[in-house]
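> A predicted structure for the sequence below; I have some questions about it.
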Amino acid sequence: MDFQLSAEQEALAEVARDFLTANSGVAGARAALDGDRSLLPDVRQDLVKLGLLGLLADEAHDGGGTLLDLAVVAEQAGRTLTPAPLVAVAGRAVPLLTAVAEPAAEALLRKVLDNAVVVAVADGTLVLAEDGTVSGTVDPVVGGRDAEVLLALAAPVGGEPSLVALTVGVGVATVEQEPLDPTRALARFTIENASPEVLATGAAVVAAWRRAQDLATVVLAAEDLGTTAECVARAVEYAKERTAFGRRIGSFQAVKHQLVECYVAEEQLRSLVWLAAWSAEAEPENLGLYASAAAAYAAPAAERAAEVLIQVHGGIGFTWEHDAHLFWRRAKVDRLLLGDEHTHKAAVAERLLAGAVTR
Amino acid sequence: MDIEDSPEEAAFRAQVRAFVTEHRAELAIGRGAAPERVEDLKRAQALLNSAGYVGVTWPTEYGGLGAGPVQKVIVDQELARAEVPRLINWIGVGMCGPTIMRHGTEEQRRRYLAPMLNADEVWCQLFSEPGAGSDLAGVSTRAVREGESWRVTGQKVWTTGAKWCDFGILLARTDPTKPKHRGLTVFVLDMHAPGVDVRPLREMTGASVFNEVFFDDVVVPDSARVGEVDGGWAVALTMLMNERYTVAGDGTVYGAGPDALARAMRAALPGLAEAARPGVLEEYASVWIEGLACRMSGNRMLTALSHGREPGPEGSVGKLASSLLLRKAAELGLRLQADDAVFGADPAGDGAWQDVATFAPGIALAGGTTEVMKNILGERVLGLPSEPRPDKAAAVKGA
């Protein structure tokens, strides 16, 4: 039994904290809401340099890191709302392309890791027509707004799915929609007779897809952990300073107890995120279960913490100029990504009743 | 990071499991303490102690096994797995023993610890009073010095197990001219001493585990004092922190853990109306996830403890989370009983979830109420300013 971060992971967290604090997305998020996306920090190149984008690639591609390493970084990204492509790329596209292990996928992986190409992953399965084209609409894609290539599943009617790559702009159009949280760079797409490049086909594709989805779910929960922790920290700081009725407001139990409830949720969430991240290598048969558990817990925890952050600040917390709503926006958006709380809980119940042997 | 047993831990677990399996008939004798079950429960604890599985972390010189907190948890897990009930002397072993080890004299350790482990002598906690519960430092039971002994007068209440206990750890006021936290002293009190009167209470569960304890001029030798005169608050805090650890968990010790819930779900699902299923499944997942979080947060604390850290205020996280969890688990268990939940038991006489549900409110009170836990976490962990406490610096009574 040794359920704690290693000294190396603590050090990694510190590196990530420094780097992501210097590239915080908080100010950029507000500017982007006002229509200027240029202030959102683009940390892709730095992530490549630090070796963080390809942590989940194999050793041959300078990866070989663990999901827990990535989760440690993601927690810090969640604290700063930095639009680092951890959920979409480091946590999903990279392990997906690595796992299918086909030459075409490997070629794309190299471009992604060199930051030559920005990818995102679309949920759902497209219908592959007999002429090899795909058409349809794609649900909101994390990081889709910046993506040059979309990874998706495409299957002929009644056939097995392939992993395909679609080039944005070639039969694939981005649907412009006002963002609730610009740091997630969400976008919808409409696809008309696009000719995808087939990267891999067969049973391995589905397994790789599912696993990558679970990995990304854990990374998302880890970012939400950071968001929760930051909301708690900011609300506590304010409650220590602000005075009303001759007392600092943090001394009132009505305020204090709300903060404690959010703090307890933060600590419980941290335990769930660590377990899920640890299981990716140590107990892969339960990764999906633990990922869903962490995600189901993360959504309401972050949402509540962001709401309490606003509530504790009073009127100032409700202003556009105050940062509180930027955290609130992230929480409100994240709860719907990669499956909402209800979807994840249904998945947990199903796995448990199917006889999963768990911790 | 690794949650798996190390090879040594796995070997220890196998050894514990073999022992528990061999003696299951004598150990797994049903939950809940009651006067007529006390002797059986004492025998069960003595049997466990013969293998060293009661004082797992205690030094060998006091009858313990001298192992670490991880081994203690392994024993707890194996006992829970075999549905062995809580030790009859869980308050002694979990709270009084560690307090005597930390604050007591060598003579006290030699006298009390080994019989405590073997359940030859069972212990209780004499803390709460009718006028002092959450505000524990406000106790008014008096201990007055007379040469080499003390005379104790007053009343305690909510004393778990007092009826079958031999000793209690008593928090008493020794100097009312000092502010309330600074005039308290802790003693070992002989429950069979003249002047001690135990009157059972009945809880909302229907069981009778609580008691009132009255002291009418009870003589306590100074050699039974634990810690400094008027230094009792520090001793009491050790008790309280250990108490929070004994109260935390994922509901398994109360029969409301993940295995019990899975069994109840499997039994109830086929008869559940289609419209009710998604809601029930979601609630089941919620409760299981909370339990998982409690277990994993427990593992984090355990890791910290096994690296030599003392129990700290963060123990309140576990206590707080697990009391909420127990309530949710009980609620789900009742929901699975459908219409039978309006009765005390189903037609076959099974009222296990009703029992958990009636027990759960007590867990939100025991070892510090939910509200007190939130104050502790808010002030000692988050560093928020405390409530104004106008009586904190004042003498309890003018000199």
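Looks like it arrived, so ask away. These numbers were taken from a predicted model, which means no experiment stands behind them.

> Just the pLDDT at whatever residue of the stretch 101-250 of chain A ends up closest to chain B, thanks.
In the stretch 101-250 of chain A, the residue that lies nearest chain B is residue A:250 (3.7 Å; Cβ to the nearest Cβ). Every residue, glycine included, has its C-beta placed from N, CA and C. Reported pLDDT at residue A:250 in the predicted model: 98.

> ok, and for stretch B:139-158, which residues are buried?
B:139-143, B:149-158 (16 or more other Cβ atoms under 10 Å in any protein chain shown).

> These: which two are farthest apart?
B:149 and B:158 (27.3 Å; Cβ to Cβ).

> can you give me the mean pLDDT across the longest helix along chain B?
If you go by DSSP state H, chain B has its longest helix at helix B:277-306. Throughout helix B:277-306, pLDDT has a mean value of 94.

> Next, see if that helix gets close to chain A.
Yes - counting by Cβ under 8 Å from any Cβ of the partner chain, chain A has neighbours in helix B:277-306: B:278, B:281-282, B:284-286, B:288-290, B:292-297, B:299-300, B:302-304, B:306.

> Next, the buried residues of that helix.
Buried residues in helix B:277-306 (16+ other Cβ under 10 Å): B:280-306.

> lowest-pLDDT helix or strand in chain B?
helix B:232-247 (a mean of 88; mean pLDDT, DSSP states H and E).

> Contacts for that helix, please.
B:90-91, B:94-96, B:98-99, B:102-103, B:125, B:127, B:136-137, B:169, B:171-172, B:174, B:181-182, B:184-186, B:226-227, B:311-313, B:315-316, B:318-319, B:322-323, B:363, B:366-368, B:373 (Cβ atoms under 8 Å, 6 or more residues apart in numbering or on different chains).

> ok, which stretches of the chain are strands?
Answering for chain A, as no chain was given. A:119-128, A:134-141, A:149-155, A:162-167, A:172-175, A:187-194, A:197-201, A:243-244, A:247-248 (DSSP state E).

> wait, chain B
For chain B, the strands defined by DSSP E cover B:123-126, B:142-146, B:149-156, B:167-173, B:184-190, B:196-200, B:211-221, B:225-226.

> so which of those is the most packed in?
Among these, the stretch with the highest mean neighbour count (mean count of other Cβ atoms under 10 Å in any protein chain shown) is strand B:123-126, at a mean of 28.

> then it to CSV, C-alphas only?
The C-alpha trace of strand B:123-126 is given here as CSV (Å, rounded to 0.1, in the frame of the first residue of the first chain):
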residue,chain,number,x,y,z
TRP,B,123,-13.5,0.3,28.4
CYS,B,124,-15.8,3.3,27.8
GLN,B,125,-15.4,7.0,27.2
LEU,B,126,-16.7,9.2,29.9
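
> Tell me the helices and strands packed up against it.
Applying 3 or more Cβ pairs under 8 Å, 6 or more residues apart in numbering or on different chains; DSSP states H and E, one finds that strand B:123-126 contacts helix B:90-91, strand B:167-173.

> Now do the longest one: distance to the chain's middle.
Mean C-alpha position of strand B:167-173 versus that of the full chain (Cα atoms, centre = their mean, to the nearest Å) differs by 17 Å.

> okay, now the residue lying closest to residue B:16 once chain neighbours are set aside: neighbour count?
Computed as Cβ to Cβ, 6 or more residues apart in numbering or on different chains, the closest residue to residue B:16 that is not its neighbour in sequence is residue B:78, at 4.5 Å. Neighbourhood size, residue B:78 [other Cβ atoms under 10 Å in any protein chain shown]: 21.

> I'd like the distance from residue A:350 to residue B:282, if you could.
11 Å (Cβ to Cβ, to the nearest Å).

> try residue B:134
35 Å.

> Any regions of chain B where pLDDT drops low?
B:247, B:310-314, B:398-399 (pLDDT under 70).

> what about the helices in it?
Under DSSP H, chain B gives helices at B:7-22, B:24-27, B:38-50, B:69-81, B:90-91, B:97-103, B:106-117, B:232-247, B:258-268, B:277-306, B:315-336, B:352-363, B:370-376.

> No further questions, thank you.
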